[in-house]
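Asks: Sequence and predicted model, in that order:
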Amino acid sequence: MAVHPSSETFPLELRAIGNFRRRIAGELILRGEPGYEEARQHWNAQVDRYPGFIVRPRDAGDIATAIAFARAFDLPLAVRSGGHNGAGLALCDDGVVVDLSRFDAVTLDPTRRIARAQPGATNGKFVSAAAAHGLATTTGNAAGVGLGGLTLGGGIGWLMGKHGLTIDNVRSFQIVTADGQLRTASASEHPELFWALRGGGGNFGIVTEIEYQLHPLERVLAGRVVIPLADARAGLQALRALDLAAPDELTTMARLVTPPRIGPALVVDVCYSGDDLAAGERLLAPLRASGLPAADSVAPMAYANLYAEAEPMPVGLRFSGVTTTLPVLSDGAVEALLVAAASRPTPFATIMLQRLHGAASRVATEATAFALRAPQYFLTATAAWQSGPAEPQLAWAGGVKELLRPYAGSGSYVNFLGRGEPHEVRDAYGPNLARLAAIKARYDPENIFRLNQNIPPQR
């Protein structure tokens, strides 16, 4: 059992702790101090960790100081941007957490269509700032996702068919590496590090700023179609036909969930970003007519409104999930999904799938660290419950993966992996893993940044 002492009894020299505090220009929170309990909380009630030190940096110097302190005393080091990861990788017991959630500035150069964002900025903040100038780029599906983690893992989102993944729109990173140095990683500076950061996760340092390329976009055709579970077979078949015929401008996300006042259902969220919204209406007509939808909110809207209407991350429930990929949504996969949906142990459990396609799939596997470039569905099954034992919930999620195993592809989207077992990390990076491990050995030979989907250093 972990022991959670106050700052007065933490097993480090008080002088060292005092020196650490004096060197931090931002905020340093220790156990027992005001704000500690709030700062250590996670939206997933299954995560209950007690860091020794929580640093909210003011600048890159604070981040370098936190890294040096963790290294000097051999303490675990975790990094929190949006804190969206369900496995709670942003927190650790008895170590140092660099909390970037308030390190969240966003600045724009609308003439050059460039945005610079600190990693704690959320999708919602970034999208709103860009939308004020009629601009956008690929970011995640939910407003609360932090840009740091989203980008480093690849970044799937509503515009990936048209503009590629988030990483395909990154011009440069500012990053503090394990040696405390602030570096610029771009196509011309530290190009190997730049390659690794585009999909390699938090393995190489703590990013302080990301520069993105923006694109003109104001209005989209977006919203959701809700189909009762009894008609979900027809709905999934219509989704498959829609996805196979979809132009780059159309992205879909489907969930098997239980919406309030409707009951178990298939919910399909759509975003069409083409210039001719009437063409989007025609594309979506078969899906909207399938299975007598219980609700249909698809309509022209400002792109930022798509995020404003997104459901917030639930707080207080316990979550645990598994992930896999489906190369195609075959008839067998559809039947397996229906069986899994009907057996959900609580109304909070969800199955979600989103198809990578278009521009995101036309980038070569070796062009970035992100290796899963073929058109495919990324699928997650997430158990969610209020109280009681975890075993039945975990058994259901694991069972979903087993049901889908005959139809699954190789690899999983890193941002959906949680901690990621070694074999899962190997499958996620495939032929890119050896190169990533060599870059890791150069920039983090001691594996300081290991509380992630870890890539061990190897020369």
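Replies: Good, I have the coordinates. Residues are numbered from 1 along each chain as shown.

Asks: So, low pLDDT: which residues of this structure?
Replies: Of all residues in the chain, those with pLDDT under 70 make up the ranges 1-12, 291, 309-313.

Asks: how is it carved up into domains?
Replies: The chain is divided into the following domains under automatic domain parsing: 14-99, 106-216+432-443, 219-416.

Asks: where do the strands sit along the stretch 251-400 of the chain?
Replies: 265-272, 295-296, 299-302, 318-326, 350-356, 376-385 (DSSP state E, counting those that start in this stretch).

Asks: just to revisit the earlier point, highest average neighbour count across the domains of the chain?
Replies: For these, average neighbour numbers computed from mean count of other CB atoms under 10 Å are highest in domain 106-216+432-443, which has a mean of 22. From N, CA and C alone the C-beta is placed, and that goes for glycine too.

Asks: Do me a favour and get the end-to-end distance for it?
Replies: For domain 106-216+432-443, the first-to-last residue distance is 27 Å (CA to CA, to the nearest Å).

Asks: quick one: it to chain centroid distance?
Replies: Centroid separation for domain 106-216+432-443 versus its chain: 12 Å, with CA atoms, centre = their mean, to the nearest Å.

Asks: just stretch 341-350 next, same as before
Replies: On CA atoms, centre = their mean, the centre of stretch 341-350 falls 22 Å from that of its chain.

Asks: swap in stretch 413-422?
Replies: 10 Å.

Asks: Tell me which of the strands of the stretch 251-400 of the chain lies nearest to Asn203.
Replies: strand 318-326 (18.8 Å; CB to CB).

Asks: Give me the sheet partners of that closest one and which way each runs.
Replies: strand 376-385 (antiparallel) (DSSP bridges).

Asks: In JSON lines: the domains of the chain, plus distance to Ile455.
Replies: Formatted as JSON lines, those follow (distance: least, CB to CB, whole Å):
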{"stretch": "domain 14-99", "distance to Ile455": "14"}
{"stretch": "domain 106-216+432-443", "distance to Ile455": "5"}
{"stretch": "domain 219-416", "distance to Ile455": "9"}
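
Asks: And these: which comes nearest Leu451?
Replies: Per CB to CB, nearest to Leu451 of the domains of the chain: domain 14-99, 4.7 Å.

Asks: Leu221 pairs with what?
Replies: Where Leu221 sits in a bridge, its partners, by DSSP bridges, are Tyr272, Pro300.

Asks: Do I have it right that it meets Leu277?
Replies: Yes - using CB atoms under 8 Å, Leu221 is in contact with Leu277, at 4.7 Å.

Asks: Show me whatever sits in contact with both of those two.
Replies: Residues touching both Leu221 and Leu277 by CB atoms under 8 Å, 6 or more residues apart in numbering: Pro300.

Asks: Any figure for the gap between the closest residue to Asn415 other than its chain neighbours and Val400?
Replies: Distance criterion CB to CB, 6 or more residues apart in numbering; nearest residue to Asn415, sequence neighbours excluded, is Gly153 at 3.6 Å. To Val400, Gly153 is 22 Å away according to CB to CB, to the nearest Å.

Asks: swap in Asp62?
Replies: For Asp62, the distance to Val400 - CB to CB - is 42 Å.

Asks: Hmm, Leu147 and Ile210 touching each other?
Replies: Yes - using CB under 8 Å, Ile210 is in contact with Leu147, at 6.5 Å.

Asks: anything in contact with each of the two?
Replies: What both Ile210 and Leu147 touch, as defined by CB under 8 Å, 6+ apart, is the set Ala117, Pro119.

Asks: Find the residue closest to Pro327 in space, skipping its chain neighbours.
Replies: Gly409 (4.5 Å).

Asks: Am I right that the one you found is in contact with Val328?
Replies: No - the criterion here is CB under 8 Å, and Gly409 misses it with Val328 at 9.0 Å.

Asks: And the strand or helix carrying Leu239, what does it pack against?
Replies: Assessed by DSSP states H and E, Leu239 sits inside helix 232-245. On a contact count with 3 or more CB pairs under 8 Å, 6 or more residues apart in numbering; DSSP states H and E, helix 232-245 meets strand 219-228, strand 250-257, strand 265-272, helix 277-289, helix 331-342.

Asks: would you turn those into TSV with distance to Leu239?
Replies: Formatted as TSV, the helices and strands packed on helix 232-245 follow (distance: least, CB to CB, whole Å):
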stretch	distance to Leu239
strand 219-228	9
strand 250-257	6
strand 265-272	6
helix 277-289	6
helix 331-342	9
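
Asks: between the ones you listed, which one is nearest to Ala302?
Replies: Of all the helices and strands packed on helix 232-245, strand 219-228 comes closest under CB to CB, at 6.0 Å.

Asks: who's in contact with that closest one?
Replies: Counting by CB under 8 Å, 6+ apart, 158, 234-235, 259, 262-273, 277, 280-281, 284, 287-288, 290-303, 305-306, 309 sit against strand 219-228.

Asks: That strand to helix 232-245, inter-axis angle?
Replies: Orientation check (axes from the mean of the first three to the mean of the last three CA atoms, to 10 degrees): strand 219-228 against helix 232-245 gives 150 degrees.

Asks: what separates strand 219-228 from the chain centre, distance-wise?
Replies: Using CA atoms, centre = their mean, the offset of strand 219-228 from its chain centre is 22 Å.

Asks: and the angle from that strand to strand 265-272?
Replies: 170 degrees.

Asks: State the distance from Gly358 to Pro247.
Replies: 8 Å.

Asks: and the closest residue to Gln181 other than its chain neighbours, what element?
Replies: Closest residue to Gln181 apart from its sequence neighbours, by CB to CB, 6+ apart: Ala64 at 7.7 Å. Ala64 is part of helix 60-72 when elements are defined by DSSP H and E.

Asks: Each with direction, which strands does whichever helix or strand comes after that helix pair with?
Replies: Per DSSP H and E, the first helix or strand lying C-terminal to helix 60-72 is strand 77-80. Paired with strand 77-80 in the same sheet, following DSSP bridges, are strand 96-99 (parallel).

Asks: Only C-alpha atoms, please: export the strand it pairs with in CSV.
Replies: Only the C-alpha atoms of strand 96-99 are listed here, as CSV (Å, rounded to 0.1, in the frame of the first residue of the first chain):
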residue,chain,number,x,y,z
VAL,A,96,6.8,14.7,-9.8
VAL,A,97,3.9,15.8,-12.0
VAL,A,98,4.5,18.6,-14.4
ASP,A,99,1.0,20.0,-14.8
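
Asks: helices and strands around the following helix or strand past it, which ones?
Replies: Next in sequence after strand 96-99, counting helices and strands by DSSP H and E, comes strand 106-109. Contact here means 3+ CB pairs under 8 Å, 6+ apart; on that basis strand 106-109 packs against strand 114-117, helix 123-131.

Asks: Kind regards, and thank you for your time.
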